[in-house]
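> model the following, please.
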Amino acid sequence: MFKENKYFGEVWFRDSDNVKCFCVLEIKDGNTHIITNLSAKDTIYQIDIIYGMFNGLGYVTFVNCNIQNNSVGIVETKIYTPKYTFVCAYHFIDPRNLRVNEFNIDNAAIVKWGRRMNWYNSIEDKVVKQEDIKHQTVISENLTLTLAISTLYTSNHDFLRVDSVGSIEFKSQKNLNILESIELYNSFQKLFHFIYGKSVQFRAFNFKCINTGKWASLYYKDDFNKENISSFITLNYDRINEDLSKLIKHWFTNPDITYCADIIIENLLSVKTSHSRRFTNSYSAFEAYSFKFGKTFKNSTVEKYLLEHKELIHTITSIPENEIKAYVSNIIRHRDFLTHRNRINNNIFSQFELLYISFLLDYIVSLGLMKHMETSDKVLQKIILRAKSTYRDVQSVNKLLNQDILDDK
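You can find the predicted model right below:
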């Protein structure tokens, strides 16, 4: 959507189109900043709508504009940070009455997930292009999602440029408001993090106006992007493509699955969460999963639910089966200690150990959810191998790297 970092134009308030001021539109850290001397008479901290015309963009509608900075000198200058920015080549956007049923999002992380590479064959002096991907899923009679990885060509007399583009397209039989459209994209983002572990700020969010039939664009800072890839599951497209439609259908139609997965995704997206907090999050995710999908016991306890996965715990951790019951009891005692700060239940595990117990619980839940989404045994075995590698190999290496010679314990 934004091909440049700066654009120049003029802006005005919705009810005062006779007062227009020069403006610089700038993109910083994923946020839109509009720098101008446009100022309201009354003291306010947010402007609902600001209109603008900018070279290289056209008609721009800024929505929910907070005043980030205000400086007074010879000329008063304000910096507004809108939550949403609408751009259209034909007209201004009325965000309150906006309805859409077709929209697509360009996200570069989809290209890396698809692992399609075009390359130049120097021996035959030609460009070799891999097949495009177009994966369509009919989620319901009202909603269709199409994932695509295609090739974009740019050329002139001097060069030929080949770029790969990854996008998802939603088509709905119902007319959606813009927040409902964003929520559908957020649901896909969560699934993308769950199976791949990475996403980035989208490059374009394009939609078709129902009233005018014209295409327009939306920009906002995406809260579900994280450029550093997680090593949690990490299934690329070729490994998951045969199961992908089933995963998407279950993800968008079964709220119990997403309810349990949300806590795991929170762990994946968190940057500065302590190992204790991550552990209690994972414990909560396991409790939620067990109550919704586990066996029915006469007196349900977390210990019973954990021991229900005794064989899987042994496979991932290599803890002897006759020691797993004590290991499970210690997990529960440590959780009670963190939650209730009961002095009787002493601090059992180190912070380092809690991190990998958290991974173990997340893997147990994720494998269970993947089974409920009809994932093939081949994919499940790959996730188990990843879990074993994380708990055993990665933990051993990181334990050596994190040794402190000052610690005499």
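> in the protein, which spans are strands?
Taking DSSP state E to define them, one finds strands in the chain at 6-13, 16-28, 31-36, 46-54, 58-71, 77-88, 100-106, 119-121, 126-128, 133-140, 143-155, 160-176, 204-209, 215-219.
> could I have the fourth one exported to PDB, CA atoms only?
Right, strand 46-54. Provided in PDB are the C-alpha atoms of strand 46-54 (Å, rounded to 0.1, in the frame of the first residue of the first chain):
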ATOM      1  CA  GLN A  46      -8.600  12.400  19.700                       C
ATOM      2  CA  ILE A  47     -10.100  13.400  16.300                       C
ATOM      3  CA  ASP A  48     -12.600  10.800  14.900                       C
ATOM      4  CA  ILE A  49     -11.900  11.500  11.200                       C
ATOM      5  CA  ILE A  50      -9.400  13.600   9.300                       C
ATOM      6  CA  TYR A  51      -9.600  13.800   5.500                       C
ATOM      7  CA  GLY A  52      -6.600  14.400   3.200                       C
ATOM      8  CA  MET A  53      -5.300  14.400  -0.300                       C
ATOM      9  CA  PHE A  54      -1.800  13.200  -0.900                       C
END
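> and it, which strands flank it?
Using DSSP bridges, the strands paired with strand 46-54 are strand 6-13 (antiparallel), strand 58-71 (antiparallel).
> quick one, it and strand 31-36 angle?
In terms of direction (axes from the mean of the first three to the mean of the last three CA atoms, to 10 degrees), strand 46-54 departs from strand 31-36 by 80 degrees.
> for Leu354, what are its contacts?
When the contact criterion is CB atoms under 8 Å, 6 or more residues apart in numbering, the partners of Leu354 are His275, Ser276, Arg278, Phe279, His334. Backbone N, C-alpha and C define where each C-beta goes, glycine included.
> identify the farthest-apart pair in those residues.
Of all pairs drawn from the contacts of Leu354, the greatest distance, 13.0 Å, lies between Arg278 and His334 (CB to CB).
> got the strands of the chain as TSV, with mean pLDDT, distance to Gly294 and mean neighbour count columns?
Conversion of these to TSV gives the following (pLDDT from 0 to 100; distance: least, CB to CB, whole Å; neighbours: other CB atoms under 10 Å):
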stretch	mean pLDDT	distance to Gly294	mean neighbour count
strand 6-13	95	54	17
strand 16-28	91	47	15
strand 31-36	94	43	20
strand 46-54	93	46	18
strand 58-71	90	42	17
strand 77-88	94	40	20
strand 100-106	96	36	20
strand 119-121	74	49	10
strand 126-128	76	50	11
strand 133-140	95	27	15
strand 143-155	89	30	15
strand 160-176	90	33	16
strand 204-209	94	39	19
strand 215-219	96	41	21
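> would you reformat the ones you listed as a markdown table and include distance to Pro320?
A markdown table is the format used below for the strands of the chain (distance: least, CB to CB, whole Å):
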| stretch | distance to Pro320 |
| --- | --- |
| strand 6-13 | 63 |
| strand 16-28 | 55 |
| strand 31-36 | 53 |
| strand 46-54 | 61 |
| strand 58-71 | 57 |
| strand 77-88 | 54 |
| strand 100-106 | 49 |
| strand 119-121 | 50 |
| strand 126-128 | 52 |
| strand 133-140 | 43 |
| strand 143-155 | 44 |
| strand 160-176 | 46 |
| strand 204-209 | 52 |
| strand 215-219 | 55 |
